[in-house]
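1. for reference, the sequence and a predicted model appear below.
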Amino acid sequence: MPAASLRFVVSPIFIPLNALTATCAVSPVNSNSSTVKVWAALAVQHAAVLYRRAEDLAMLMSHLRADCLQALPHSTILMLHTPEIWAGDFHCQVHWGPEDIAAECWLEAANALQLPVAELAMDFEVHSSLEGHWLANYRACPQSLVKAYVAQLNALDLQPDAITCSSQMNELGQAWGLQPRVMAEAFRLPCSDELASHYFNLFKEDTPC
């Protein structure tokens, strides 16, 4: 199969610490335990989809590449989740132009994260609300966080084409021709009473890569 057909989505996920240490994972919705970062990655190659989760990014990608029988993906996307990324929205003034909206997004994000604008990574979209007003949706995080993750991926010979967030999961799945449940399952938290070992198993849709 041509290498150009292989695409990855890679994402850090924060799960309850006892999901790794206990026999059964506790539902993250009701858990007050501390969290630990694990990694999830989804690979798409033609009609085949598979994904893995692991505590270590290097091990995760090594296994996923072996599963796909490919050296390098054609496309890699980094997806961030809360609490690492901040999402907000606000109503735009009628007289605002594109530059005004962008400036307000930067200021809103800087205020929310308590960081100087120069230290932010930010993106935004403008939509029409049900009331007919323009609504700006923005997502932001520290630039240092993005640089650290990109460096980790680069060390594994991965070059991210884009950085997105979990709120854009459905849009990404549609662009790749995936059912919504596939993306949601690949990057979900542990379910209540799920065996920790099962959470880290390899999962496949259709045939292997």
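-> Structure received. Numbers count the residues shown, from 1 in each chain.
2. check residue 126 and give its pLDDT.
-> Note for residue 126: predicted pLDDT of 93.
3. and residue 186, how far is that from residue 108?
-> Taking C-beta to C-beta, to the nearest Å as the criterion, residue 186 is separated from residue 108 by 31 Å. Where you see a C-beta, it was placed from the backbone N, CA and C, and this is true even at glycine.
4. least trustworthy helix or strand in this structure by mean pLDDT?
-> Lowest mean confidence among the helices and strands of the chain (mean pLDDT, DSSP states H and E): helix 18-21, at a mean of 70.
5. hang on, residue 166 packs against residue 84?
-> No. Here residue 166 does not reach residue 84: they are 10.0 Å apart, not a contact under C-beta atoms under 8 Å.
6. quick one, which of these two is more surrounded?
-> Under the criterion of other C-beta atoms under 10 Å, the comparison of residue 166 against residue 84 puts residue 166 first, with 20 against 16.
7. need the pLDDT of that one.
-> Predicted confidence (pLDDT) for residue 166: 90.
8. excluding residues flanking it in the chain, which one is nearest it?
-> Distances taken as C-beta to C-beta, 6 or more residues apart in numbering place residue 81 nearest to residue 166, at 4.6 Å, with adjacent residues excluded.
9. ok, now residue 140?
-> Distances taken as C-beta to C-beta, 6+ apart put residue 109 closest to residue 140, at 3.6 Å, once the chain neighbours are dropped.
10. what's the following helix or strand after the helix or strand that contains that neighbour?
-> Taking DSSP states H and E as the definition, one finds residue 109 inside helix 98-113. Scanning forward in sequence from helix 98-113 by DSSP H and E, the next helix or strand is strand 120-128.
11. residue 46 contacts residue 74, doesn't it?
-> No. Judged on C-beta under 8 Å, residue 46 makes no contact with residue 74 at a distance of 11.9 Å.
12. what's the overlap in contacts for these two?
-> Any residue near both residue 46 and residue 74 by C-beta atoms under 8 Å, 6 or more residues apart in numbering counts here, and that gives residue 5.
13. before we move on, the earlier item: and the helix holding residue 109, what's buried?
-> Residues 101, 102, 104, 105, 106, 108, 109, 110, 113 are the ones in helix 98-113 that count as buried (16 or more other C-beta atoms under 10 Å).
14. ditto for stretch 184-202
-> By neighbour count, and taking 16+ other C-beta under 10 Å as the criterion, the buried residues in stretch 184-202 are 186, 187, 189, 190, 194, 196, 199, 200.
15. tell me the one of the residues you listed nearest residue 8?
-> Distance from residue 8 was checked for each of these by C-beta to C-beta. The minimum falls on residue 186, at 11.2 Å.
16. dump the residue contacts of the closest one.
-> Residue 186 makes contact with 9, 40, 42, 51, 203, according to C-beta under 8 Å, 6+ apart.
17. quick one, what contacts the closest residue to the last one other than its chain neighbours?
-> Counting by C-beta to C-beta, 6+ apart, the nearest residue to residue 203 once its immediate chain neighbours are dropped is residue 51, at 5.6 Å. The contact partners of residue 51, by C-beta under 8 Å, 6+ apart, come to 40, 41, 42, 43, 64, 185, 186, 202, 203.
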